[in-house]
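Undergrad: Sequence isn't available, so here's the structure alone:
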């Protein structure tokens, strides 16, 4: 039961109220005094006979104007309002006492840290956050807030730590702990130029293979020789090439990219080297090619392995002396361009198969970088997932969606044949379809790449045993290829030589995907 007493300010009026409660032997649970002239009481429910005598007694106290029952105490309303507001915040928020133990955690923190399977309150903050010694910081009783990068359940956050000091009303402050707000990695709207650490810092990855890759890329960015970047589809080869350009002395000049596999040979030559007036028809105007447009900068040739032999020969001459002729012209053009090439397959295998010029391969392979597939650096998946989640929410114009712990575990178990690009697309689709502010296992839709067809081809009626074995073998290879789209990777998986696997893929027509 709760009472609201309206009264004029008078010294000792609260004592008079408490004396009446003692006389009636009422167990007082709480009392709150409003400076605007109200006293609120919280005590157990009373029998009607006791209550009807209590009310007149209180009203007879001097300066009391009114007494009535209310549904809640002011502090109770503030508590529920605070809890509602806190749980609506999309970012994880934790309140930690001076000893480093959690006493308040909002819903987002529960979802990120424990998936609601265990209780956070009363546990040490060091058990949940790593990367920064929160307890050591608390021991210093800081007065200024700080922002530190921390790890929580495998994901990276920027934690805003705000110290809490309580004023006792007499000018004395006591340290009471801190409030921690965790924000995902910030998005950068544009590339920052000139600083290698800032440029390559935009490529997210904490795995040892990624750290090694970025360290090598930073060294190679300054060298004015061709660079070959190879890796599976969707690993971020163009992103790495752009970072190398931005970290180089050519950063202020153009960076242009062209997909060699997407253009027919005659169109690709015109796009790369340009053409003279009337060379492609009586009404065509002269046009500068990509190399000429990027003079002083960098050109990325994506899927360079798909170039025709004729175009490869012209590219080789240009790389050697920086000169070329536009289509239909005799005058040579000289430009200063750094060439970066990327390939989703092993160019050495294409050289062995006679599909790529050996002299061009050695010219391009002076410096090379290999971008590892996502399945080989699964520890980076939570970091990338948080980044793409924030990015998707901003693109969709909706409040931030929290990826649950179970959701992150599901993403880490998946093989990701489409690598980082597939992860980004899966999260964007899932978030666009999500009805709540949390993304759980049931909200994430992943293509099943691990299941074999229910009915394998073993029918011998229309063929021999050898035919059935070949059908079965082709089925296995088609099932595995999306997860191991390189003959060397697939050969290692199957325990065969890469030449044997390459022959089988060619015989069964596997891997000749259109881009």
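TA: Cool, the structure landed. For clarity, every value in this text was computed on a predicted model and none was experimentally measured. Numbers count the residues shown, from 1 in each chain.
Undergrad: domains for the protein, by residue range?
TA: By the assignment in automatic domain parsing, the chain contains the domains 2-76, 89-184, 196-370, 374-443, 448-515.
Undergrad: any idea which element the closest residue to residue 237 other than its chain neighbours lies in?
TA: Nearest in space to residue 237, with sequence neighbours left out and distances taken as C-beta to C-beta, 6 or more residues apart in numbering, is residue 342 at 4.1 Å. All C-beta atoms are positioned from the backbone trio N, CA, C, and that covers glycine. With secondary structure defined by DSSP states H and E, residue 342 is part of strand 338-343.
Undergrad: Packing partners of the next helix or strand after that strand?
TA: Next along the chain after strand 338-343, taking DSSP H and E as the criterion, comes helix 347-352. Applying 3 or more C-beta pairs under 8 Å, 6 or more residues apart in numbering; DSSP states H and E, one finds that helix 347-352 contacts helix 358-364.
Undergrad: roughly how far is the helix it packs on from the heart of the chain?
TA: 37 Å (C-alpha atoms, centre = their mean, to the nearest Å).
Undergrad: Same question for that helix: list its buried residues.
TA: 360-361, 363-364 (16 or more other C-beta atoms under 10 Å).
Undergrad: what's in contact with that helix?
TA: With C-beta atoms under 8 Å, 6 or more residues apart in numbering as the test, helix 358-364 has contacts from 226, 228, 304, 312-313, 315-316, 319-320, 339, 341, 347-348, 351.
Undergrad: residue contacts, residue 248?
TA: Counted by C-beta under 8 Å, 6+ apart, residue 248 has contacts 221-222, 298, 338.
Undergrad: hang on, isn't residue 372 packed against residue 235?
TA: Yes. Look at residue 372 against residue 235 with C-beta atoms under 8 Å: they come within range, at 7.2 Å.
Undergrad: The two: who's more crowded?
TA: Ranked by neighbour count (other C-beta atoms under 10 Å), residue 372 and residue 235 place residue 235 first, with 25 against 19.
Undergrad: Sticking with the more buried one, tell me its helix or strand.
TA: Counting by DSSP H and E, residue 235 is part of no helix or strand.
Undergrad: and if you look at the one 4 residues further on?
TA: Counting by DSSP H and E, the element that carries residue 239 is helix 237-246.
Undergrad: Tell me which helix or strand in the chain has the weakest average pLDDT.
TA: None of the helices or strands of the chain scores lower by mean pLDDT, DSSP states H and E than helix 196-200, at a mean of 67.
Undergrad: any idea where the strands of the stretch 151-300 of the chain begin and end?
TA: 155-167, 173-184, 227-230, 255-259, 298-302 (DSSP state E, counting those that start in this stretch).
Undergrad: Minimum distance to residue 390: which of those has it?
TA: strand 173-184 (4.7 Å; C-beta to C-beta).
Undergrad: Now do the closest one and strand 155-167, the angle between them.
TA: Relative orientation of strand 173-184 versus strand 155-167 (axes from the mean of the first three to the mean of the last three C-alpha atoms, to 10 degrees): 160 degrees.
Undergrad: one step back: Provide the contact partners of the strand holding residue 342 at residue level.
TA: 224-231, 237-238, 241, 244-245, 248, 250, 297-305, 315, 319, 364.
Undergrad: Pick out the residue closest to the middle of the protein.
TA: In the chain, the C-alpha nearest the mean C-alpha coordinate belongs to residue 387, at 2.3 Å (C-alpha atoms, centre = their mean).
Undergrad: Name the secondary structure element that contains that residue.
TA: Applying DSSP H and E, one finds residue 387 within helix 381-396.
Undergrad: moving C-terminal of that helix, what's the next helix or strand?
TA: strand 402-403.
Undergrad: who does that following strand touch, helix- and strand-wise?
TA: Packed next to strand 402-403, using 3+ C-beta pairs under 8 Å, 6+ apart, are helix 107-113, helix 381-396, strand 438-439.
Undergrad: so what secondary structure elements neighbour the first one?
TA: Where contact means 3+ C-beta pairs under 8 Å, 6+ apart, helix 107-113 is packed against strand 93-96, strand 402-403, helix 405-413.
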